[in-house]
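S.K.: only geometry, no sequence info:
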């Protein structure tokens, strides 16, 4: 059984799930605590290492990227929440900004073959959706 109760291969959905867990406190499932954000980062790095056949140094860099960027994203979201911002587009913009940074880091870490596999696992759809949102914002 997978140790991560929200196992999915679509990273933005994973991020949303992680943020929801952090925002509502550590939700219990089967009398176990859900992983905190740093544990979730480790699990995602491990998943990507298996999925993309990453070298140890690549997995380390992915883990480091996630452990920096996800908490930074979470802090920004919490700042918006504490400021009582209710516009979901603003929250989506913050998430898009950080996901873009993560993808930029991944592109530097992964080989071309690994990047293409990563894109095929759902990242291409997430990137396209992000670009579509950017285009929509720029038309306003």
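M.R.: Thanks, I have the structure now. Since the structure is predicted, the reported quantities are computational estimates derived from the model, not experimental observations.
S.K.: From here on, just use CA atoms for contacts and neighbour counts.
M.R.: OK.
S.K.: these two touch, right, residue 52 and residue 111?
M.R.: No. The pair residue 52 / residue 111 is not scored as a contact, 9.7 Å apart, by C-alpha atoms under 8 Å.
S.K.: next one: the helix of greatest length in the chain to chain centre, how far?
M.R.: Longest helix of the chain, by residue count under DSSP state H: helix 56-82. A distance of 8 Å separates the centroid of the chain from that of helix 56-82, by C-alpha atoms, centre = their mean, to the nearest Å.
S.K.: just stretch 110-125 next, same as before
M.R.: Chain-centre distance of stretch 110-125: 15 Å, with C-alpha atoms, centre = their mean.
S.K.: can you check stretch 79-93 too?
M.R.: For stretch 79-93 - counting by C-alpha atoms, centre = their mean - the centre lies 18 Å from the chain centre.
S.K.: Check stretch 96-115 too.
M.R.: 11 Å.
S.K.: Show me what counts as buried in it.
M.R.: For stretch 96-115, the neighbour count (16 or more other C-alpha atoms under 10 Å) marks 96, 98-100, 102-103, 106, 109-110, 114-115 as buried.
S.K.: And stretch 38-48, by the same measure?
M.R.: Within stretch 38-48, judged by 16+ other C-alpha under 10 Å, the buried ones are 38, 40-48.
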